[in-house]
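Chemist: Need a 3D model of the following:
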Amino acid sequence: MSLPQDILVEGIGTEMSLEIGIATAVDEVWTSEEIIITNDAPTAFPLGTTEVTWTAQNERGGIGVEIQKVTVQDTTPPVVIPPSDLLLEAIGSLTPFPIGTATATDLVSESEDITISNDAPAEFPLGTTIVSWTAIDKEGNTANANQTVKVQDTTPPSISLPKSVTIEATGPETAFTIDEATASDQVTAEEDILITSDQPDAFSLGATLVTWTAEDEAGNTATSTHTITVEDTSPPIVLPPPDISVETAGENVALDIGQAFAIDLVDRNPCCSPSPDFTGPFKEGVNTVTWSATDSSGNTGTATQLVTVSKVLLSNRPSVIAPYWQADENAYTFISVSHPSLSGMNEEIGLSFAIQSEEGEGSGVSNDVAADSRVLIEFDIKANETKKVFIVGNGTGHVNEETLSPGNFVIGLTDTHFGSLEISPLSPNPQSCETVAVNHCGFPDIRQLNLWGVIVIPQTNTGFAMEFIGDINDSRAFNTPNFSGVN
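Modeler: Just a heads-up that it's a prediction; the model follows:
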């Protein structure tokens with residue numbers, strides 16, 4: 001008997017159908033048609049080696065037996081299907097994550113008979129990790145497949161800022177130290193986070209937005225802002241002029257009270273021009289002048305200046321007396337006053353001309369009235385200067401500003417016709433150089449002034465000189481015929 005060859009095949013299942021071939025037999029007596037050949041081959045061959053017995057039998061019962069081996073083997077590894085690749089966001093330096101379960105199939109082994117394992121760590125570091133999955137079937141065939149797990153850090157840090165604050169200005173620019181911001185990150189350690197800000201060295205008036213930036217080691221950045229507000233609620237400091245103390249024989253005093261200055265922390269200095277609430281004229285007593293200045297932020301500062309006005313009777317002062325003057329329809333009085341600028345005299349002094357009337361009732365001025373009501377003229381005279389004084393009767397028209405040549409002249413109009421004159425300094429004690437009504441000091445001795453006077457009779461172009469008792473010349477009376485007038 002001639003058998004098919006032994007068979008070795010790769011299994012494609014738990015059992016498999018095979019074509020094992022056809023055996024042939026020959027006999028010396030019987031023809032091949034008379035020989036019956038059979039085998040015990042199964043319908044499907046299991047894994048392993050199956051011996052197939054072939055039997056040849058002739059009509060007389062002669063039997064021949066041969067064995068054919070059919071081997072089904074499993075050398076094919078299973079097919080592993082790993083879970084999908086993963087892209088994870090880091091939640092720390094190590095990130096735990098369920099990566100899924102692989103599956104495997106095999107031509108021979110049932111799925112429950114396939115052992116599947118992987119080398120995945122319990123937690124994944126930042127970056128890419130290759131997870132190797134291994135499947136082993138019952139025959140020990142091994143297959144591998146890879147799963148990629150990538151852990152990335154794209155989450156920016158979290159910033160904690162100092163509170164927004166409002167501060168008081170200390171100048172046009174205000175230095176201020178801001179508390180430091182802090183930051184935290186899921187991956188980068190706090191000490192490794194770079195924190196910066198655009199805060200200036202000093203802050204200007206108003207609101208400044210400060211931006212903070214935090215950057216982690218992965219280059220992720222986060223920004224946040226807070227506000228530093230600089231406000232100016234401080235009023236400017238007003239520096240008033242010095243207090244003034246004056247004495248006068250008049251009722252109200254017009255004064256140059258000076259100019260105040262103001263300084264401010266924020267505005268340029270001097271920051272603003274202070275203005276007084278009153279500039280005069282000032283009455284007797286203590287007058288309070290309030291100076292105020294408002295800066296660019298609307299803050300107002302104030303300061304006070306005291307102006308003290310005292311009245312003094314002219315009779316209490318050293319004076320020069322002119323025994324006689326006249327101002328009526330027939331005559332007027334002219335007096336020349338010169339400041340010789342002698343050693344010891346002040347550069348500028350004030351004078352008062354007071355009428356001493358010799359007229360009786362109805363003259364309008366009597367000898368026993370208060371000195372301040374008798375004052376006709378007050379003026380000041382500077383060193384090396386000459387002032388022309390005209391005393392003219394009201395309505396006479398002898399002299400007026402239009403008829404006089406330009407120059408330093410003073411005109412006093414009066415309803416009193418004649419009498420004496422008292423010429424006094426406007427400071428009760430000229431030696432102390434106190435401020436007086438015309439805001440100038442007195443002088444050491446009024447008698448050092450040069451006074452020269454004439455009573456002018458316009459109709460005849462004549463006149464006669466006046467006498468001054470107590471001046472530097474102590475003039476004596478004399479006649480001046482053919483006097484042509486004074487202008």
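Chemist: Going by C-alpha atoms from here, please, whenever you check contacts or count neighbours.
Modeler: Will do.
Chemist: Do a quick rundown of the helices in the stretch 251-400 of the chain.
Modeler: Along the stretch 251-400 of the chain, counting by DSSP state H, counting those that start in this stretch, helices occupy 371-374.
Chemist: Pull the contacting residues for the closest residue to D179 other than its chain neighbours.
Modeler: Nearest residue to D179, sequence neighbours excluded (C-alpha to C-alpha, 6 or more residues apart in numbering): P162, at 5.9 Å. The contact partners of P162, by C-alpha atoms under 8 Å, 6 or more residues apart in numbering, come to 178-181, 226.
Chemist: For burial, what's the neighbour tally of E401?
Modeler: Counted by other C-alpha atoms under 10 Å, the residues lying close to E401 total 10.
Chemist: Could I get the pLDDT score of the residue nearest to G62 when sequence neighbours are not counted?
Modeler: Sequence neighbours aside, A56 is the residue nearest to G62 in space, at 7.9 Å (criterion: C-alpha to C-alpha, 6+ apart). On pLDDT, A56 comes in at 90.
Chemist: quick one on the thing from earlier: on the three-state scheme, the residue nearest to D179 is what?
Modeler: With DSSP: H, G, I helix; E, B strand; the rest coil as the basis, P162 sits in coil.
Chemist: how close does it get to S224?
Modeler: Noted for P162: a distance of 11 Å to S224, by C-alpha to C-alpha, to the nearest Å.
Chemist: was I right about the residue nearest to G62 contacting E33?
Modeler: No. At 11.4 Å, A56 and E33 do not qualify as touching, with contact defined as C-alpha atoms under 8 Å.
Chemist: Those two: which is more packed in?
Modeler: Between A56 and E33, counted using other C-alpha under 10 Å, the more crowded position is A56 (21 against 10).
Chemist: for that one, what are its contacts?
Modeler: 1, 25, 35-38, 62-65.
Chemist: switch the cut-off to 10 Å
Modeler: 1-2, 23-26, 35-39, 62-66 (C-alpha atoms under 10 Å, 6 or more residues apart in numbering).
Chemist: swap in I7?
Modeler: If you count contacts by C-alpha under 10 Å, 6+ apart, then I7 has 18-21, 49-50, 68-72 around it.
Chemist: what do you get if the cut-off is 8 Å, keeping everything else the same?
Modeler: Residues in contact with I7 (C-alpha under 8 Å, 6+ apart) are 20, 69-71.
Chemist: Dump these into JSON lines; add pLDDT and neighbour count as well.
Modeler: Output for those, formatted as JSON lines (pLDDT from 0 to 100; neighbours: other C-alpha atoms under 10 Å):
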{"residue": "I20", "pLDDT": "91", "neighbour count": "16"}
{"residue": "K69", "pLDDT": "96", "neighbour count": "17"}
{"residue": "V70", "pLDDT": "95", "neighbour count": "22"}
{"residue": "T71", "pLDDT": "94", "neighbour count": "18"}
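Chemist: Which members of those occur in helices, if any?
Modeler: Using DSSP state H, no member of the contacts of I7 sits in helices.
Chemist: Would you mind giving those as TSV with distance to N450 added?
Modeler: Compiled in TSV, the contacts of I7 are given as follows (distance: C-alpha to C-alpha, whole Å):
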residue	distance to N450
I20	166
K69	167
V70	164
T71	160
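Chemist: ok, how many other residues are close to V309?
Modeler: There are 22 residues near V309, going by other C-alpha under 10 Å.
Chemist: Would you confirm that it contacts P281?
Modeler: No. Using C-alpha under 8 Å, V309 is not in contact with P281, being 10.5 Å away.
Chemist: Mutual contacts of the two, please.
Modeler: V253.
Chemist: one step back: mark which of the contacts of I7 are part of strands, please.
Modeler: Among the contacts of I7, the members falling in strands (DSSP state E) are 69-71.
Chemist: Tell me how many other residues surround P406.
Modeler: With other C-alpha under 10 Å as criterion, P406 counts 9.
Chemist: same for the strand or helix carrying G463, what does it pack against?
Modeler: Following DSSP states H and E, one finds G463 within strand 462-465. In terms of contacts (3 or more C-alpha pairs under 8 Å, 6 or more residues apart in numbering; DSSP states H and E), strand 462-465 is packed against strand 450-457, strand 479-480.
Chemist: who does that strand pair up with?
Modeler: According to DSSP bridges, strand 462-465 forms sheet pairs with strand 450-457 (antiparallel), strand 479-480 (antiparallel).
Chemist: Compile those strands into a markdown table and extend it with columns for mean pLDDT, distance to I167 and mean neighbour count.
Modeler: Listed next are the strands paired with strand 462-465 as a markdown table, based on pLDDT from 0 to 100; distance: least, C-alpha to C-alpha, whole Å; neighbours: other C-alpha atoms under 10 Å:
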| stretch | mean pLDDT | distance to I167 | mean neighbour count |
| --- | --- | --- | --- |
| strand 450-457 | 92 | 68 | 22 |
| strand 479-480 | 34 | 84 | 12 |
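Chemist: low-confidence ranges in the chain?
Modeler: For the chain, the stretches with pLDDT under 70 are 249-251, 312-318, 342-346, 357-373, 427-445, 447, 471-487.
Chemist: now what about stretch 30-45, what contacts it?
Modeler: Under the contact criterion C-alpha under 8 Å, 6+ apart, stretch 30-45 has outside partners 15-18, 23-26, 51-59, 70, 72.
Chemist: Filter those down to the buried ones, ChimeraX style.
Modeler: The ChimeraX command for the buried members of the contacts of stretch 30-45 (criterion: 16 or more other C-alpha atoms under 10 Å) is given here:
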select :16,23,25,52,54,55,56,57,58,70,72
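Chemist: Report the beta-bridge partners for T24.
Modeler: Residues in beta-bridge contact with T24 (DSSP bridges): S2.
Chemist: Ok, V238 next?
Modeler: A262.
Chemist: roughly how far apart are the nearest residue to I335 once chain neighbours are set aside and I391?
Modeler: Computed as C-alpha to C-alpha, 6+ apart, the closest residue to I335 that is not its neighbour in sequence is G453, at 4.0 Å. Per C-alpha to C-alpha, G453 is found 11 Å from I391.
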